[in-house]
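>>> kindly generate the corresponding structure for this input.
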Amino acid sequence: MKYTEIVEKSIGDLEKLLREKKLELFELRMKLKTLQLKDTSEIRKVRRDIARIKTAIAEKRRAE
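Take a look at the predicted model:
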């Protein structure tokens with residue numbers, strides 16, 4: 001997910017997306033522990049998406 005796509009969304013949408021990504025990260029970590037995860041780079045991608053979303057939320061709150 002690109003930062004430009006994230007910035008266009010509202011704070012409410014971003015918070016919902018953040019919850020979804022955190023749940024996805026939790027599920028990926030569970031799969032990793034149970035040896036079901038094939039592509040471990042997915043964890044890194046989701047963590048970076050979470051960071052991008054948090055940055056966009058902070059930016060929007062500062063602008064208000």
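>>> tell me what the helix or strand hosting Glu24 is packed against?
In this structure, Glu24 sits in helix 11-33 according to DSSP states H and E. Applying 3 or more Cβ pairs under 8 Å, 6 or more residues apart in numbering; DSSP states H and E, we find helix 11-33 packed against helix 41-63. For the C-beta atoms, the positions are set from N, CA and C on the backbone; glycine is no exception.
>>> check which helix or strand Leu35 maps to.
Per DSSP H and E, there is no helix or strand for Leu35.
>>> burial count for it?
7 (other Cβ atoms under 10 Å).
>>> OK, contacts around the residue sitting nearest the centre point of the chain?
With distances taken as Cα atoms, centre = their mean, the chain has Ile50 as the residue nearest its mean C-alpha position (2.8 Å). Ile50 makes contacts with 18, 21-22, 25, as judged by Cβ atoms under 8 Å, 6 or more residues apart in numbering.
>>> and the furthest pair within these?
Using Cβ to Cβ, the pair of the contacts of Ile50 lying farthest apart is Leu18 and Leu25, separated by 10.5 Å.
>>> least trustworthy helix or strand in the protein by mean pLDDT?
None of the helices or strands of the chain scores lower by mean pLDDT, DSSP states H and E than helix 3-7, at a mean of 92.
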